[in-house]
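> Sequence unavailable; structure follows:
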């Protein structure tokens, strides 16, 4: 029997920034409908006696207080009792992350899980974008040094990034082939993504929010001076923005396909009207920032689409 409990599988609360965090924003909104929030870490997820169990705590969020959360009660909870479970921990999409999706698979027919754990596992965020390469800058996915050398020679300036990375971590701009550096990078990350550098990133990228197959809005993130990274965690400044007709058309196509893949909530990114290859389905961010910039509350849209 389900109850008005929403479980959030997330990062250490002490590391969250309530001014920008999407998980806190979503939880704060649904509390208004008298739902209880149960918060736990992926490491505290188990299968015990054939039940999916998490050790965590019931929690109350409050933007008004300096400490933005209050732990109400520590508990070991049978997650099948929940109405919804939000998978909200950050990548990397490693074996630990994959293991949690297999565990949650056991109750996905009893509890609505956002995003569907099987779908998260099947959609490698950057590799999934390969099906949309006609909308992207020139991009290859490889660990072949000869192919990487050829790619740099052809495009002069390229970006290399880990396929399973996040938040702009370990992304590099290269204008020459450095075999020692690239070899080390491949040993660390295995297959990598190489993409032609787009100079217009200096004017910002666009993060598009997709909820239940609907393109709901977008923000731009402008890198700080001297940087090419548009992640807010790397100092980029968010601004309000509208999508071009081309960006809107591509976004609607991807939104439609993601819904078919049982992805409820996603974020996709554009640079200079080109899809940059990041289709975020593990832990999309930016809803609080979008609200602060536009006054539009997509947390309400999120829960309305779930019929919470």
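Arrived safely. Fair warning: this is a prediction, and the values are worked out from it, not measured in the lab.

> ok, now how distant is residue 272 from residue 206?
Going from residue 272 to residue 206 by CB to CB, to the nearest Å gives 10 Å. Glycine gets a C-beta too; all of them are placed from N, C-alpha and C.

> Let me know the average pLDDT across the longest helix seen in the chain.
In the chain, assigned by DSSP state H, the helix with the most residues is helix 245-260. On average, the pLDDT along helix 245-260 is 98.

> Next: stretch 219-231.
In this model, stretch 219-231 carries a mean pLDDT of 90.

> buried ones in the following helix or strand past the longest helix of the chain?
Downstream of helix 245-260, the next assigned helix or strand under DSSP states H and E is strand 265-271. Using 16 or more other CB atoms under 10 Å as the burial criterion, the residues of strand 265-271 that qualify are 265-271.

> between residue 272 and residue 206, which one's more packed in?
Applying other CB atoms under 10 Å to residue 272 and residue 206 shows that residue 206 carries more neighbours, namely 22 against 14.

> List the contacts of the residue nearest to the more buried one when sequence neighbours are not counted.
The shortest distance from residue 206 to any residue other than its chain neighbours is 4.4 Å, reached at residue 270 (CB to CB, 6 or more residues apart in numbering). Under the criterion of CB atoms under 8 Å, 6 or more residues apart in numbering, the neighbours of residue 270 are 205-206, 208, 243, 247, 250, 276.

> I'd like the buried residues of strand 265-271 written out as JSON lines, with distance to residue 37 and pLDDT added.
Converted to JSON lines, those look like this (distance: CB to CB, whole Å; pLDDT from 0 to 100):
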{"residue": "265", "distance to residue 37": "17", "pLDDT": "98"}
{"residue": "266", "distance to residue 37": "23", "pLDDT": "97"}
{"residue": "267", "distance to residue 37": "22", "pLDDT": "96"}
{"residue": "268", "distance to residue 37": "28", "pLDDT": "96"}
{"residue": "269", "distance to residue 37": "29", "pLDDT": "96"}
{"residue": "270", "distance to residue 37": "33", "pLDDT": "97"}
{"residue": "271", "distance to residue 37": "36", "pLDDT": "96"}
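
> Make JSON lines from the contacts of residue 270 and add distance to residue 181 to it.
Shown next, in JSON lines, are the contacts of residue 270 (distance: CB to CB, whole Å):
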{"residue": "205", "distance to residue 181": "25"}
{"residue": "206", "distance to residue 181": "30"}
{"residue": "208", "distance to residue 181": "33"}
{"residue": "243", "distance to residue 181": "36"}
{"residue": "247", "distance to residue 181": "34"}
{"residue": "250", "distance to residue 181": "33"}
{"residue": "276", "distance to residue 181": "22"}
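
> Cross those against strands and list the overlap.
Members of the contacts of residue 270 lying in strands (criterion: DSSP state E): 205-206, 208, 276.

> now, the most widely separated pair of those?
208 and 276 (11.2 Å; CB to CB).

> Which residue is the nearest non-sequential neighbour of residue 71?
Taking CB to CB, 6+ apart, and ignoring the residues beside it in sequence, residue 71 has residue 57 as its nearest neighbour in space, at 4.8 Å.

> Next: residue 117.
On the basis of CB to CB, 6+ apart, the spatially nearest residue to residue 117 that is not a chain neighbour turns out to be residue 101, at 3.8 Å.

> And the helices in this structure, which stretches?
Taking DSSP H as the criterion, the chain carries its helices at 22-31, 95-105, 117-122, 125-128, 145-155, 179-189, 245-260, 287-294, 298-305.

> neighbours of residue 22, just the number please.
Considering only other CB under 10 Å, residue 22 is surrounded by 24 other residues.

> How about stretch 183-196, which residues are buried there?
Judged by neighbour count (16+ other CB under 10 Å), stretch 183-196 contains these buried residues: 185-186, 189, 192-196.

> Closest one to residue 229 out of those residues, please.
Of all those, residue 229 sits closest to residue 195, with 13.6 Å by CB to CB.

> just the buried members of the ones in strands among the contacts of residue 270?
Of those, these count as buried by 16+ other CB under 10 Å: 205-206, 208, 276.

> With pLDDT as added columns, please give the residues you listed in TSV.
Listed next are these as TSV, based on pLDDT from 0 to 100:
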residue	pLDDT
205	95
206	97
208	98
276	92
